[in-house]
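Student: here is a sequence with its predicted model. Questions after.
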Amino acid sequence: MKAINLVMTRKNSIAIEFDNILPELLFDKSLTQIQDSIIYMGNKQLPLSEFFEVEIEGDCQNSEDCLINIEGDLSRVKRIGFAMNSGKIIANSNVDFHVGALMTGGHITVNGDAESYAGREMTGGTLEIKGNVKEFCGSSYAGEWRGMSGGQIIIHGNVGKQLADFMLDGKIHIRGNCDILAGVHMSGGFIQIDGNVTQWIGGQMKKGIIVLNGKIDSMLPGFVFQEIVHNPLINGQYFIGKYRLYSGDRGVNGKGQIWIKE
Amino acid sequence: MEYILKNGIVFDPKNNVKGEQMDILIKDNKITDEVSSNAKVLDVTGKLVMPGGVDLHSHIAGPKLSIGRLYRPEDIRRGIKPPSRNDISGFEAGFSLPTCPTIGYRYTKMGYTTVTEAAVPPLEAKHAHEEINSIPNLDIPTLTLFGNNWFMLKYVKENRLDDLKVFISKWLKLAKGYGVKIVNPCGSEAWGWGKNVDGLDDAEPHWEVTGRQVITSLTRVNEELGLPHSVHVHTNDLGHPGNYETTLETFDCVKDIKKNRNVDRNQIIHCTHVQFHSYKGTSWRDVSSGATELIDYINKHNHLTCDVGQITFDETTTMTADAPMEYDLFRLTGLKWANKDIEVETASGLIPAIYSQHAPVSVLQWAVGLEFFMGVKDPWKIALTTDSPNAGPFIRYPKIISWLMSQEKLQDMLDNDVHSWATKRTDLGTYNREYSWDEITVITRSSPAKILGLEDRGHLGLNAKADISVYDIDVDDFDPTLKSNSETIENKLLNSKYTIKDGEILVKDAKIVKLVKSNHIWCNVKGLENSERLLENRIKPEFNKYYTIKYENYGVNDHYIKPDTQVNVEYMGENYESN
């Protein structure tokens, strides 16, 4: 196992972009090469060492065994783990936009909050955020009609609007509350929300499953109540309690399922 | 500046040069036969030398593109390329809907120097010309949409072809257009009433005029004016199973109209993206190719030409003034769809399209396009297009060329890669033709230039425009018929060794070394000025009644089109070729 420890040494007001700081790009690099890795600040290309102290522990033969551990105030560091395909990243801070977006593999842990666009269009891997997340988590990027299609997102806190827009596949588990428009345009995949949801869940969903363990203000009229099931088996997992099953969205001839705990 | 392109293997079909090793001399912006001793020598020994590429049908500027870019940000994110340190081109973005500068960079790198914007509504012509100003390095004629224009429909209904002639002459000046484009004649106007027309003889609901009347009237007028390009027709029923009959009728309905004596071209009608108009059957379940009948007609007649609109198996964007067709596509695919009304002139629509080699209909369309390339015997009657971006983006031309040059490659695709409809429902598998470099030069340069009536390009004869492309292909040592060389063809044709336009080197060793402003090419008919003034006075009240802008603000002012090339046409009355 190779651990690349990055400690932020300089505060930045303009966001810096971290999409070059990935296990698959750095696992076989020397200390100097890592220090010289290019990061963007606005339109400026700067070496990583401009902002971070770099330390390496151990060694590895492939990116799977590479861990990037990032310390400091990362609230203006964008695109951590962007399009990452293997290895592990741990960010011990709040992070800026696009964390884990387009990732295809590997594991990202954020020990803090994340800004919007976390895990957008991801196709594989795991993104775990210990705090809250803002809008468009696990969604598609603007204009795209193919959203998250694989992998797993686990959010320990609350999430903002438009969770999992256009989701095709994969799993999302929200342990906190969720703002409006979760699972809109879903056509596959599985979302579990343990907290409350404001409203407009699953609008225009065609397929896929949403399980809501908390409360919801109101259901969209395109969803039709089917039945009440005790301890239902949903997506290979038993959920304890009484659940109301809705199907829809009938507005688009959808066959999605929303399970709501009574 | 003077140059000698030394020892290239030259293909210049118009001048019957078929792969001869020779020097090309350039002085100022022309091909010449003599240069001074100061001429710079560019050693291109053994390399493939052709005239600059000419694309006669592409969508590169105008409101559809802008809507597309707004509507498909996901497409803009494809093809992002930061500015290169090695050449002077800037940031690139977009795949099927590239940004304006990106369009210029990519065409230039491919060795293309002239690209026709194929559909500009006069009302949006300013917008189109403004976008052209943001595209570098090309000569760009624009085709003006007339096939659903209310004034045109009125003159056709009342059989006032003299007024129609003056109207076309005046409107080309206003729109700074080069030629007459007809899209789904009467169908796009019917869309204003929520309808379409079915075939050539179905009357549009408001004016009760048919597509046949529109096409024949505009063709007559086009020939009487002696415009350099013929009418450029997107026939009715695009993309509908069974539409080959409409296409055949369209081919035939103008065959007795006489061609103007003064024009260089052979055809009186150019049918565009003919692939989309060549299907038999009654639905997508029983659809099959109708190309054979159309190819047979093209081979037997000389009054028409076509371009293909070849499918390239990409996720792309369809955009057309054939708005009801786009609605049909929306109903088929359910993908996001945009619709735009261009007042009393035309309509337009836009929707993403995904052509997959595993999807039977996509494969059928792909095979139908290739049937035309294989079946039309005279390459001067056909041009390579993808109706970019409708059937695929223009950067796929080299890939199509690799298919056309290698039977082995094509057979491998038929055997292993594409859905069986390609062989079961088309005749593609029965052809055994491989294009030579000479024929490739015809369909990508010489034929489009001749069809467009641009006599100064598409060849390398004396006094031709010094638009030249050189590719890093050693012609004598390279076998394009081998499947294993397909990727090489594609890479080399995507990245020219030299692209020279107007005698200036724009690309060197696949890097853009110079950016120049694109040139607006438009057609200026002379001799009808008095009639135009009278017509203008008659039209103004109606115009100001129906349009949301005033007539005075309608035309494209001169400052929009700098630099420009006026193609002057002297109106000489009825001046037809005898049969």
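Tutor: Here it is on my side, so go on. Numbering: from 1, shown residues only, chains lettered A, B, ... in the order given.
Student: which parts of the stretch 101-250 of chain A sit against chain B?
Tutor: Contacts of the stretch 101-250 of chain A with chain B, taken as CB under 8 Å from any CB of the partner chain, map to A:140-145. Every C-beta, even on glycine, is put in place using the N, C-alpha and C of the backbone.
Student: could you redo the last one with a cut-off of 6 Å?
Tutor: Contacts of the stretch 101-250 of chain A with chain B, taken as CB under 6 Å from any CB of the partner chain, map to A:142-144.
Student: among the residues you listed, name the buried ones.
Tutor: Neighbour-count burial within these applies to A:143-144; the criterion is 16 or more other CB atoms under 10 Å in any protein chain shown.
Student: may I see the buried residues of stretch A:33-45?
Tutor: A:34-35, A:37, A:39-41.
Student: where does the residue of the stretch 351-500 of chain B found nearest chain A land in three-state SS?
Tutor: Here the stretch 351-500 of chain B gets closest to chain A at one residue, residue B:352, 8.1 Å apart by CB to the nearest CB. Using DSSP: H, G, I helix; E, B strand; the rest coil, the structure places residue B:352 in strand.
Student: what's the closest non-adjacent residue to the residue of the stretch 151-262 of chain A found nearest chain B?
Tutor: The minimum distance from the stretch 151-262 of chain A to chain B, using CB to the nearest CB, falls at residue A:252 (8.6 Å). Nearest residue to residue A:252, sequence neighbours excluded (CB to CB, 6 or more residues apart in numbering or on different chains): residue A:204, at 5.0 Å.
Student: and the one you found, how many neighbours does it have?
Tutor: Neighbour count of residue A:204, defined by other CB atoms under 10 Å in any protein chain shown: 18.
Student: same check on residue A:82?
Tutor: 22.
Student: same deal with residue B:87?
Tutor: 18.
Student: the nearest residue to it once chain neighbours are set aside and chain A, how far apart?
Tutor: Residue nearest to residue B:87 in three dimensions, not counting chain neighbours: residue B:511, with 3.6 Å by CB to CB, 6+ apart. Going from residue B:511 to chain A by CB to the nearest CB, to the nearest Å gives 21 Å.
Student: was I right to think residue B:511 contacts residue B:88?
Tutor: No - in this structure residue B:511 lies outside contact range of residue B:88 using CB atoms under 6 Å: 8.2 Å.
Student: make TSV from the residues of the stretch 101-250 of chain A next to chain B and add secondary structure to it.
Tutor: Formatted as TSV, these follow (three-state DSSP):
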residue	secondary structure
A:142	coil
A:143	coil
A:144	coil
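Student: looking at the residues of the stretch 101-250 of chain A next to chain B, spot the one nearest residue B:443.
Tutor: Closest to residue B:443 out of those is residue A:143 (34.7 Å), distances taken as CB to CB.
Student: tell me the contacts of the closest one?
Tutor: B:72-74 (CB atoms under 6 Å, 6 or more residues apart in numbering or on different chains).
Student: mind redoing it with 10 Å?
Tutor: Residue A:143 is in contact with B:69-77, B:336, B:352, counting by CB atoms under 10 Å, 6 or more residues apart in numbering or on different chains.
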